[in-house]
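J.: With the sequence up front, the predicted model follows.
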Amino acid sequence: MKSIPNTLSKLNLWAAILHGVSFIAVMIVFLTLRKGKINFPTSLWRLKVEDLTENNQEFSDMSAKKEVQIPTDFLKAAVLLTFALTCIAHIFYYTDGFGSGAYSHQLKSGKNDFRWLEYSVTATLMIMVLSSISGVKSTKVFFLLALMNIILQGIGNMAENASNTQTKIVGLFIGFLLLGGTWYGILDSFYAALDDAKDIPDRDGPPDWVRGIIIPMFVWWLSFGIVALLQTINYKKPGYDYRNYEKGYIILSYLSKAFMGYYLAFGLTRPAPRNTTNSP
């Protein structure tokens, strides 16, 4: 414990407490407020060819086939698992790797491989939830977005482990491309869902609470990239201390997960709008 700066140790302790409390609070909300189905579409589909032109050069008729139904319980479990895993991660950091010295060794090396491993799971769960509520309809797109996020965390880990600035810059560039591609898929699907709803009588598209979470979550995601950018810019400068950026990641991690978790706890326990209550 002494090998970890006191402020960083306390920050990890508070992060563990806050994530643990969030897990308990959100679980209580899910268990007590409402046990119903999602009040907006979350199914995944694939295009199906129905007919071709006579010369076989073009599709003349297409339809869609339902492949997967994302249940409410998956979204709730993903939120709870995100809080739980992050809580465990911060307990690991606070106890210096459960007494093994693994965390302090990482800090001395100017990195935290464990954080990227945790992000590859928790951030991917978050992307899957956000994809589902934003209106992603394609099964392939849904799972590709999750895969892109896993690769993004791997690139982040690679860049943080790199010993020269050029490799870090390349990793940062690829990371921003992956971040942009992931969020293009989410935002494009969201605004397409809003546009599609205009052609459906008495339907307003995604609920208002979904509209209030998508853009802020993009900003939260982008903020992690900004920390990585500052880390790369200052890497070779005098006075560079990796632990300062570790603090930034800890703070952003809690704020982004708490924002999404609390917002979803609110949204997933809302009663269905009156104009969709009797829909099939």
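T.: Sure, I can see it. Bear in mind that the values here come from a model prediction, so they are computed numbers and not experimental data. Numbering: from 1, shown residues only.

J.: Might you report the residue contacts of D96?
T.: M1, S3, I4, A102, Y103, S104 (C-beta atoms under 8 Å, 6 or more residues apart in numbering). The C-beta positions use only the backbone N, C-alpha and C, and glycine is treated the same way.

J.: residue boundaries of the strands in this structure?
T.: 43-52, 59-69 (DSSP state E).

J.: Tell me how far L11 lies from S253.
T.: Distance from L11 to S253, counting by C-beta to C-beta, to the nearest Å: 11 Å.

J.: Among these two, which residue is more densely surrounded?
T.: Between L11 and S253, S253 has the larger neighbour count (other C-beta atoms under 10 Å), namely 22 against 19.

J.: so that one touches F83, yeah?
T.: No. The pair S253 / F83 is not scored as a contact, 11.0 Å apart, by C-beta atoms under 8 Å.

J.: remind me which residues of the stretch 1-150 of the chain are low pLDDT?
T.: Scanning the stretch 1-150 of the chain with the threshold set as pLDDT under 70 gives 1-2, 34-39.

J.: just the helices in it please.
T.: 6-32, 72-94, 102-108, 113-134, 139-161 (DSSP state H, counting those that start in this stretch).

J.: tilt between the last one and strand 59-69?
T.: Angular relation of helix 139-161 and strand 59-69 on a 0 to 180 degree scale: 70 degrees, by axes from the mean of the first three to the mean of the last three C-alpha atoms, to 10 degrees.

J.: What residues sit buried inside helix 139-161?
T.: By neighbour count on 16 or more other C-beta atoms under 10 Å, the buried set for helix 139-161 is 139, 141-142, 144-146, 148-150, 152-160.

J.: what do you get for stretch 176-194?
T.: F176, L178, L179, T182, W183, G185, I186, S189, F190, A193.

J.: what's next to it, contact-wise?
T.: Under the contact criterion C-beta under 8 Å, 6+ apart, stretch 176-194 has outside partners 127, 130-131, 134-137, 141, 144-145, 148-149, 151-152, 155, 205-206, 210, 214, 218, 221-222, 225.

J.: Highest mean neighbour count out of the helices of the stretch 1-150 of the chain?
T.: Counting by mean count of other C-beta atoms under 10 Å, helix 113-134 has the highest mean neighbour count of the helices of the stretch 1-150 of the chain, with a mean of 21.

J.: I'd like to know which elements it is packed against.
T.: helix 72-94, helix 102-108, helix 139-161, helix 165-197, helix 208-233, helix 242-267 (3 or more C-beta pairs under 8 Å, 6 or more residues apart in numbering; DSSP states H and E).

J.: Ok, which of these comes nearest T122?
T.: In terms of C-beta to C-beta, the element of those nearest to T122 is helix 72-94, at 4.6 Å.

J.: Which neighbouring elements make contact with that closest one?
T.: helix 6-32, helix 113-134, helix 242-267.

J.: how about these in TSV, adding distance to C87?
T.: Formatted as TSV, the helices and strands packed on helix 72-94 follow (distance: least, C-beta to C-beta, whole Å):
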stretch	distance to C87
helix 6-32	4
helix 113-134	10
helix 242-267	10
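
J.: Of all those, which one is nearest K168?
T.: When the helices and strands packed on helix 72-94 are compared by C-beta to C-beta, helix 242-267 sits nearest K168, at 12.3 Å.
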